[in-house]
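Undergrad: What would the 3D arrangement of this be:
(chains A and B)
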Amino acid sequence: MKKIKWILLVILIAAIAGYLYINEASKENDPTKSKESIAISVNELCDLFVNNEDSANALYLSKVIDIKGAVSKIENNDNRYSLYLNNSDGTTSISCEMDTTQNEKIKLLKQNQEVNIKGYCIGMLIDLELNKCRIID
Amino acid sequence: MSNNRLNMKKIFFALLLTICVLNLNAQKYFTKTGNIQFLSKTPLEDITAENRKVVSVLDVATGALEFSLLMKGFDFPNQLMEDHFNESYAESSLFPKATFKGKIVDLSKIDFKKDGTYTADVLGNLTIKDVTKEIKTSVTFVIKNGTIVATSKIDIKPREFNFKIPATAENKIAQSVAVNIKMDYALK
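TA: Next up, the predicted model:
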């Protein structure tokens, strides 16, 4: 009897650990489920990267960024969307590569519509790049 | 012919030449949506990843070809693989970008003004994790209606680029990784 109890306990612990592990792994893929996110304006984030890319990388790489702004361009490549948000003088864009779970929402979006997006900051090439982005309702 | 007219003619041709040269300089093709995929194949595990946001410039006048990408832009089917890649092997926070700077070796093989499929060698330097290696590869250029699609396949040895692979993962990551490159250029 004692033995069965022990076995049940071990199975229970393993099940909880497995659940937590899978849950944690999938969570990391979804920026909206991350407990920590950085809310920042499009202008401020663009300025930081343009003025000092290294220090901006140190602060924001892999962090979940929460931005709001008007969609300047909607791009679709092989059914994967990118939304672009421009800074106010139009010199820098934030390119948000959207998670494919967002496709139906994006189809309803219009250019210049205000959106709130969360995504992972992956750095800057010509545009400042966010990926795995999702729209927050 | 008067001297004056001859001078005018000279000036005219000089101007024409300048315009031609300027025009050649303007022949830069560009993409922000270049695609690079890699496949690491071992008996234990196949690992694939895709980067859909490669920036590249192709100067058809000089044959200069460059691209750069963000290491964290590689999308893996499995989040744990992606985390291992970025945090351990590629150290993407320390080395956020990979770049290639090269040149089409036999530029005369390609008529960029004429639609068609051409193959030419590209020679250049690939830099990943601050390690630079010379690479020569055959590239196919498909020219159609003012757009160019360039495709190539290279093999990269991750260990040569200082990828830190722990003993526990040694058998899961191929010695040589196949990299497929596809750039969809339009005139800048």
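
Undergrad: What score does the residue nearest the centre of chain A have for pLDDT?
TA: Geometric centre of chain A, nearest residue: A:Gly119, 1.6 Å, by CA atoms, centre = their mean. Looking at A:Gly119, its pLDDT is 97.

Undergrad: which outside residues touch the host helix or strand of it?
TA: According to DSSP states H and E, A:Gly119 maps onto strand A:114-124. The contact list for strand A:114-124, computed with CB atoms under 8 Å, 6 or more residues apart in numbering or on different chains, reads A:31-32, A:34, A:37, A:49, A:53, A:56-57, A:60-71, A:83, A:85, A:96-97, A:109, A:128-136, B:70, B:72-73, B:96-97. Bear in mind the C-beta positions are built from the backbone N, C-alpha and C, glycine included.

Undergrad: repeat for stretch B:76-96
TA: Here stretch B:76-96 makes contact (CB under 8 Å, 6+ apart) with A:25-26, A:28-29, A:57-58, A:61-62, A:122-123, B:47-49, B:70-72, B:74-75, B:128-130, B:158, B:163-166, B:169, B:173.

Undergrad: Alpha carbons of that stretch, as CSV, please.
TA: Output of stretch B:76-96 as CSV, limited to C-alpha atoms (Å, rounded to 0.1, in the frame of the first residue of the first chain):
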residue,chain,number,x,y,z
PHE,B,76,12.9,27.5,-35.5
PRO,B,77,9.9,25.1,-35.4
ASN,B,78,10.8,24.5,-31.8
GLN,B,79,11.2,27.2,-29.2
LEU,B,80,13.8,25.3,-27.1
MET,B,81,16.0,24.8,-30.2
GLU,B,82,15.7,28.5,-30.9
ASP,B,83,16.7,29.4,-27.3
HIS,B,84,19.7,27.0,-27.4
PHE,B,85,20.8,28.5,-30.7
ASN,B,86,20.6,32.1,-29.6
GLU,B,87,21.8,31.7,-26.0
SER,B,88,24.5,29.1,-26.3
TYR,B,89,25.7,28.3,-29.8
ALA,B,90,25.4,31.6,-31.7
GLU,B,91,25.4,34.0,-28.7
SER,B,92,23.1,36.2,-30.6
SER,B,93,23.0,39.0,-28.0
LEU,B,94,26.8,39.4,-28.3
PHE,B,95,26.9,39.0,-32.0
PRO,B,96,23.5,40.1,-33.3
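
Undergrad: now that stretch, how far from the centre of its chain.
TA: Going by CA atoms, centre = their mean, to the nearest Å, the spacing between the C-alpha centre of stretch B:76-96 and its chain's C-alpha centre is 21 Å.

Undergrad: and it, which residues are buried?
TA: Going by neighbour count (16 or more other CB atoms under 10 Å in any protein chain shown), the buried part of stretch B:76-96 is B:76, B:79, B:81-82, B:84-86, B:89-92, B:95-96.

Undergrad: Kindly write the ChimeraX command that selects the buried subset of the contacts of stretch B:76-96.
TA: Filtering the contacts of stretch B:76-96 down to the buried ones (16+ other CB under 10 Å) takes a single ChimeraX command:
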select /A:28,57,61,122,123 /B:47,48,49,70,71,72,74,75,128,129,158,163,173
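
Undergrad: ranges for the helices of chain A?
TA: Applying DSSP state H to chain A gives helices spanning A:2-27, A:42-51, A:53-60, A:103-107.

Undergrad: With the flanking residues excluded, which residue is spatially nearest to the residue of chain B found nearest chain A?
TA: Relative to chain A, the nearest point of chain B is B:Lys72 (3.7 Å; CB to the nearest CB). Distances taken as CB to CB, 6 or more residues apart in numbering or on different chains place A:Ile122 nearest to B:Lys72, at 3.7 Å, with adjacent residues excluded.

Undergrad: what does the domain assignment say about chain A?
TA: A:1-33, A:35-135 (automatic domain parsing).

Undergrad: Mean neighbour count, those domains: which tops it?
TA: Highest mean neighbour count among the domains of chain A (mean count of other CB atoms under 10 Å in any protein chain shown): domain A:35-135, with a mean of 17.

Undergrad: what about the most centrally placed residue in chain B, is that helix, strand or coil?
TA: Central residue of chain B (CA atoms, centre = their mean): B:Phe67, 4.3 Å from the mean position. Secondary structure state of B:Phe67, per DSSP: H, G, I helix; E, B strand; the rest coil, is strand.

Undergrad: shouldn't it be in contact with B:Met183?
TA: Yes - in this structure B:Phe67 lies within contact range of B:Met183 using CB atoms under 8 Å: 6.9 Å.

Undergrad: Let's have the helices of chain A in TSV, adding mean pLDDT.
TA: Converted to TSV, those look like this (pLDDT from 0 to 100):
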stretch	mean pLDDT
helix A:2-27	76
helix A:42-51	97
helix A:53-60	96
helix A:103-107	96
